[in-house]
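> Quick one, structure for this:
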Amino acid sequence: MDTLFIKNMVCNRCIMVVQNELDKLGLDVKSIKLGEVVVGKELTAEEKKKLEEAFTPLGFEVIDDKKSRIIEKIKNTIIELVHHQDNGAKTNLSEVLSSKLNHDYNYLSNLFSEVEGTTIEKYFIAQKIEKVKELLVYDELSLSEIAFRMNYSSVAYLSNQFKKVTGLTPSHFKQIREDKRKPLDKV
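Residues are numbered from 1 along each chain as shown. A predicted model of the protein is given here:
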């Protein structure tokens, strides 16, 4: 068995694309999740080369060094938390990352900042704001429902953080998005 760590896998569609490429190469996939694939056998240098050639045009990359693997696991854990878990439970990010990656949070935080040039917290906030944008565009939830779903203590706190990151209030962002949309009969 061989575990491959793959950079830039961020969604279920990425998993399908990677699975498809692995199938084309005839590799026996035992498990696949964001950023990580387990294949049935140790890959040869030739198979790894073919994999790189298949992944690169699709925006994926096999990660070899330990630090990059840890960074990718941090990002994938945050993406999973923010975008793929629909729970109202408050989570302590440092505890989640420490337990999932089996490292002290200070080590993870320092490594992430050193390699990415930003903090884990800022990356987490950026992901949350992206999710808020998505929910605003869907227009199915009120701002207070979005604040609750995204674990903000208040609508005001969400609005302030949204404005800090985007330069717009949530309502202004939503208005701009609506202004750009054309009615179906005008498309």
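
> Tell me which residues touch the residue positioned nearest the centre of the chain, please.
What sits nearest the mean C-alpha location of the chain, by CA atoms, centre = their mean, is I79, with 3.0 Å. Going by CB atoms under 8 Å, 6 or more residues apart in numbering, I79 touches 10-11, 34, 127. For every residue, glycine as well, the C-beta is placed using N, CA and C.

> Go again with 7 Å.
I79 sits next to 10, 34, 127 when contact means CB atoms under 7 Å, 6 or more residues apart in numbering.

> how long is stretch 31-44 from one end to the other?
End-to-end distance for stretch 31-44: 19 Å, by CA to CA, to the nearest Å.

> Which parts of the chain belong to which domain?
1-64, 65-187 (automatic domain parsing).

> quick revisit: any idea of the pLDDT on the residue nearest to the centre of the chain?
You'll see I79 listed with a pLDDT of 91.

> returning to that earlier point: nearest to V18, out of the contacts of I79: which one, please.
L34 (9.8 Å; CB to CB).

> who's in contact with stretch 52-68?
4-9, 17-18, 21, 25, 48, 51, 69, 72, 111, 115.

> Of the residues you listed - the most surrounded one?
With neighbours set by other CB atoms under 10 Å, the maximum within those is found at M9, which has 26 neighbours.

> Looking at the contacts of stretch 52-68, point me to the pair that's furthest apart.
The span of these, defined through CB to CB, is set by L25 and L111 at 31.8 Å.

> for N151, phi and psi?
phi 60, psi 40 (degrees, to the nearest 10).

> What separation do you get for it and F124?
For N151, the distance to F124 (CB to CB, to the nearest Å) stands at 11 Å.

> I6 reaches L34, doesn't it?
No: checked against CB atoms under 7 Å, the pair I6 and L34 is beyond contact range at 8.8 Å.

> how near is N12 to I70?
Distance from N12 to I70, by CB to CB: 23 Å.

> Would you mind telling me which of those two has the busier surroundings?
Each of N12 and I70 has its neighbours counted (other CB under 10 Å); I70 has more, 20 against 10.

> what sits against the more buried one?
101, 108, 111.

> quick one: which of those is nearest to F173?
So of the contacts of I70, ranked by how close each gets to F173 (CB to CB), first place is L108, at 31.4 Å.

> my guess is I129 is in a helix, correct?
Yes: counting by DSSP: H, G, I helix; E, B strand; the rest coil, I129 falls inside a helix.

> Now do it: how many residues are near it, please.
Counted with other CB under 10 Å, the neighbours of I129 add up to 21.

> Could you do the one 3 residues further on as well?
Summarising burial for V132: neighbours were counted as other CB under 10 Å, giving 25.

> Begin at 29 from now on, thanks
Got it, the first residue is 29 from now on, which makes the last one we talked about V160.
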